[in-house]
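In: Sequence first, then the predicted structure:
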Amino acid sequence: MKCTALLTLGALFATAAVAQDFSGSGQIYIINSTSFGSATPSESIGCLDETGAFTVSDCATFTKLSTYPNTISTSAGNCTFLDTTQPANTDNAYGAHSYAWHCREDYEATVSDSLYTVTGLNYPFLCHGDTDCYYDVKQVPSDNSKAPVWGYVWGSQQPSVPAGHTKVMWYWNKTA
């Protein structure tokens, strides 16, 4: 009896956590889910392109620095939510200073631009800031269009994404 219980418990823990390898190069997929426990890569509705925009199929390769500030970049440059030249999420009560994710050559990345994963999740979902693991998209782009992606911000005046927006997650698909 004890042996069966221990084997069952061991099997549960063996399948519960997958290694969160967020290193090297990969693509970032947009996952249409808000459940870390049940979300899977099959729920992808698109990906990020080389400028950091949401696209249906023009997926860029991102490279994570293995040294400080541990940020990511594409062939277009370093990526950030702090680029004030990008559209702000003005539909959100707190979005006046929430800028779209963007990658550009002349941007010098800092530690505040770092992304990370949370150990124990089934897949390497990407987070930023202080456990900010969700993102906000206003529209799912059509075949040839692109759309901005903002960090998810909320508070008492805006407890979720604005009406017409979708709360999504980012999945790291390691390629090298």
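Out: Perfect, thanks for sending it. Numbers count the residues shown, from 1 in each chain.
In: so who does the residue lying closest to L48 once chain neighbours are set aside touch?
Out: Counting by CB to CB, 6 or more residues apart in numbering, L48 lies nearest to I28, which is 4.5 Å off, once chain neighbours are set aside. C-beta coordinates here come from the backbone N, C-alpha and C atoms, glycine included. Contact partners of I28, counting by CB atoms under 8 Å, 6 or more residues apart in numbering, are C47, L48, C59, A60, F62, L126, W170, Y171, W172, N173.
In: One more: P41?
Out: P41 makes contact with Y29, I31, Y123, Y171, N173, according to CB under 8 Å, 6+ apart.
In: Any of these buried? List them.
Out: Buried members of those, counted by 16 or more other CB atoms under 10 Å: Y29, I31, Y123, Y171.
In: can you list those residues in JSON lines and add distance to E43?
Out: Shown next, in JSON lines, are these (distance: CB to CB, whole Å):
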{"residue": "Y29", "distance to E43": "9"}
{"residue": "I31", "distance to E43": "5"}
{"residue": "Y123", "distance to E43": "10"}
{"residue": "Y171", "distance to E43": "9"}
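In: Give me the contacts around the longest strand belonging to the chain.
Out: Using DSSP state E, we find that the single longest strand of the chain is strand 166-174. The contact list for strand 166-174, computed with CB under 8 Å, 6+ apart, reads 21-34, 36, 39, 41, 44-45, 48, 115, 117, 123-126, 133-138, 140, 149, 152, 160-161.
In: and those residues, which of them are in strands?
Out: Using DSSP E, the members of those that fall in strands are 25-31, 44-45, 48, 115, 125-126, 135-137, 149.
In: filter the residues you listed to the buried ones?
Out: 26-31, 44-45, 48, 115, 125-126, 135-137, 149.
In: among those residues, which two are most distant?
Out: Spatial extent of those (CB to CB) is set by the pair G26 and D136 at 22.0 Å.
In: can you pull out the helices in the chain?
Out: 2-16 (DSSP state H).
In: so where is it shaky, pLDDT-wise?
Out: 1-19 (pLDDT under 70).
In: mind redoing it with 80?
Out: Counting by pLDDT under 80, the chain contains low-confidence ranges at 1-20, 131.
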